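[1] Below are the sequence and a predicted model for it; my questions follow.
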Amino acid sequence: MQLYDQQVLKVHNSLSGQKENFKPQNPGHVGMYVCGPTVYSNVHLGNCRTFMSFDMIFRYLRHLGYKVRYVRNITDAGHLVDDAEDGEDKIAKKARLEQLEPMEVVQRYTLDFHNILAKFNLLPPSIEPTATGHIIEQIEIIRDILEKGYAYEKNGSVYFDVIKFNATYEYGKLSGRKLEDMIANTRELTAQDEKKSPQDFALWKKAEPQHIMRWPSPWGDGFPGWHLECTAMSTKYLGETFDIHGGGMDLKFPHHECEIAQAEASNGKSPVSYWLHANMLTLNGKKMAKSTGNSILPGEIFTGENTIFSKPFSPAVVRFFMMQAHYTSILDMSNDALLASEKGYHKLMGAMAQVERLNTANHTHMEVTAWKQSCYDAMNDDFNTPVLIAKLFDAVKHINLIKEGKESITETDQKTLLETMRQFVHDVLGLEENVTHGESTEKLGAVVELLIQMRKKARENRDFTTSDHIRDQLAELGIQLKDGKEGTTYSLG
RNA sequence: GGCAUCGUGGCCGAGUGGCUAGGCACAGCUCUGCAAAAGCUUGUACAGCGGUUCGAAUCCGCUCGAUGCCUCCA
């Protein structure tokens, strides 16, 4: 019997606007697709939050025992800058500006992306396909949609016929828009005379002679429309219908709306059971934008090389900060908020390190089994990580009381407590101590223990100059000593 | 202008038609050689204005504000 049979997971489905019981199409298996980044610059912190949210979801599904195929793409072509500039590709533009090969740009920022996500302790997806690696699949889908009559070719470009599609299906159901309203609110755009209607979107775009990124197709040399890649890759790796599609709130319209339209037009089926959208991250109450200076790169937070925060913050602290908010809420990042999270994070990790060393007795002052279920209840409620963290802090309080000898715990409960804490903190929330375990850490620990013994002796001799010197010097190195009833412990960093 | 999400105590953030999370900060106390750590105690907040209700911060309406999107813009 798997955990997922014992726990009832509810997820907020953007398509229905409701929390629904999660039931995968194939029992025990989950197919999940998340829109990845366009690799034309350093990964945005807001993007990190989105990917971190889905990483947590991926982790929890796995923890429940599901076999999850998690696909997250890399957009390395097909993203246009703006139509006024005859549709220059973002990658190509960056390449031109930096005098690089397009693939050089892709390589550089893909590496940056992976590097940052690894620091945030994100698990790699099961498959990470690229748009340029799936041109053939995209052409096939265009062909299919053309055949079904929901697209038309014009001067070497192919457009999706939204009005025709809307006659049979419903365009706008995800974002709550009505096609009539959209038509009424359309602003005048230039250079789109090829389209029958302004609502139509490109499936294939003809490449102008100077365009570097181009592929041959039945309609001439060109490149695929942005929305198509996700349809092609999700279909290829997860099938015509799959369980979860995720992405940032900003992608709901038009991107995800178009994905639904493409899939329905080509195979008549709604592709996704549950649409999940992660909300945005703001900085000091304002949206992040390079133009206003209200912006920061993840790397700049880790190193402290920025003018926004008073000190560097570790990736784990930032991750903990983000996990303290629900993924569907707008989260505001500020210096004060990070400082608060940093203290809370260390308190949590400090208590966790104590569980193993707890003295056991024949009575437990804590309903461990009920507490454990309350952790699941939090996560089952649409991945409510802030509530989960509140539950974890309940345990922290008990751990500290037991450590002080004011409460007790049985050996069985201690085992359960430790296992549950580890599962939720490490496996689900993805929070790991930054300290790398190894020979050097062991040696460091031994040295600190030695100093603790020396300090203890000094204190017994009332040589407080020496004892305080040891304490203060260690503190300067980031090693904090904690005196307790049962002796002195320490924490690194 | 339209669509969407939201507006919670000093800060960050859960939650819910009545029993009012959690973290951080602040104050007092306990412990301590002094600190730190830890524990205990104290906070009745829910943008504004109306309405529904025995009762709303939670439901409805309006106003104000924030964030995202409005078609080739991620």
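    Looks like it came in fine.

[2] Which residue is the nearest non-sequential neighbour of A:Lys347?
    A:Val396 (6.4 Å; C-beta to C-beta, 6 or more residues apart in numbering). All C-beta spots, glycine's among them, are computed from the backbone N, C-alpha and C.

[3] Could you measure from that neighbour over to RNA strand B?
    6 Å (C-beta to the nearest atom of the strand, to the nearest Å).

[4] Quick check: that residue touching A:His346?
    No - contact criterion C-beta atoms under 8 Å: A:Val396 and A:His346 do not qualify, at 11.1 Å.

[5] list the contacts for A:Ala77?
    The contact partners of A:Ala77, by C-beta atoms under 8 Å, 6 or more residues apart in numbering, come to A:89, A:91, A:102, A:131-132, A:213, A:223-224.

[6] returning to what we had before: the more surrounded of A:Val396 and A:His346?
    Here A:Val396 and A:His346 are compared on neighbour count by other C-beta atoms under 10 Å; more neighbours surround A:Val396, at 21 against 18.

[7] Show me what the helix or strand of chain A with the lowest mean pLDDT is packed up against.
    Within chain A, confidence by mean pLDDT, DSSP states H and E is lowest for helix A:179-184 among all helices and strands, at a mean of 77. With contacts taken as 3 or more C-beta pairs under 8 Å, 6 or more residues apart in numbering; DSSP states H and E, helix A:179-184 sits against helix A:162-168.

[8] so how far is the helix it packs on off the chain centroid?
    34 Å (C-alpha atoms, centre = their mean, to the nearest Å).

[9] ok, the residue in the stretch 201-350 of chain A that RNA strand B sits nearest to - contacts?
    Proximity of the stretch 201-350 of chain A to RNA strand B (C-beta to the nearest atom of the strand) peaks at A:Gly344, 2.3 Å away. The neighbourhood of A:Gly344, defined by C-beta under 8 Å, 6+ apart, consists of A:320, A:324, A:393.

[10] and A:Asp332, that's in a helix?
    No - using DSSP: H, G, I helix; E, B strand; the rest coil, the assignment for A:Asp332 is strand, not a helix.

[11] Now do the SS call for the nearest residue to it once chain neighbours are set aside.
    Nearest residue to A:Asp332, sequence neighbours excluded (C-beta to C-beta, 6+ apart): A:Thr282, at 4.8 Å. The three-state label given to A:Thr282 by three-state DSSP is strand.

[12] near RNA strand B, anything from stretch A:135-144?
    No - residues of stretch A:135-144 contacting RNA strand B under C-beta under 7 Å from any atom of the strand: none, with a closest distance of 13.0 Å.

[13] Would you mind confirming that A:Arg69 makes contact with A:Gly31?
    Yes - A:Arg69 is within contact range of A:Gly31, at 5.3 Å (criterion: C-beta under 8 Å).

[14] okay, stretch A:63-77 in PDB with CA atoms only?
    Extracted as PDB, the C-alpha positions of stretch A:63-77 are listed here (Å, rounded to 0.1, in the frame of the first residue of the first chain):
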ATOM      1  CA  HIS A  63       7.300  11.200  -1.500                       C
ATOM      2  CA  LEU A  64       3.700  10.000  -1.700                       C
ATOM      3  CA  GLY A  65       5.000   7.100  -3.800                       C
ATOM      4  CA  TYR A  66       4.000   8.200  -7.200                       C
ATOM      5  CA  LYS A  67       6.300   7.500 -10.100                       C
ATOM      6  CA  VAL A  68       6.600  11.000 -11.600                       C
ATOM      7  CA  ARG A  69       7.800  11.900 -15.000                       C
ATOM      8  CA  TYR A  70       8.600  15.500 -14.700                       C
ATOM      9  CA  VAL A  71       9.300  17.300 -18.000                       C
ATOM     10  CA  ARG A  72      10.600  20.900 -18.000                       C
ATOM     11  CA  ASN A  73      11.700  22.400 -21.300                       C
ATOM     12  CA  ILE A  74      14.400  24.800 -22.300                       C
ATOM     13  CA  THR A  75      13.200  27.400 -24.700                       C
ATOM     14  CA  ASP A  76      16.100  28.000 -27.000                       C
ATOM     15  CA  ALA A  77      14.300  29.400 -30.000                       C
END
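
[15] next structured bit after the helix or strand that A:Lys347 is a member of?
    A:Lys347 belongs to helix A:335-355 when assigned by DSSP states H and E. Next along the chain after helix A:335-355, taking DSSP H and E as the criterion, comes helix A:368-380.

[16] low-scoring pLDDT stretches of chain A, where are they?
    A:78-87, A:184-193, A:433-438, A:493 (pLDDT under 70).

[17] hang on, the earlier thing: tell me which two of the contacts of A:Ala77 sit farthest apart.
    Maximum pairwise distance among those (C-beta to C-beta): 14.6 Å, between A:Pro102 and A:Pro224.

[18] buried stuff in stretch A:59-69?
    For stretch A:59-69, burial by neighbour count (16 or more other C-beta atoms under 10 Å) applies to A:59-64, A:66, A:68-69.
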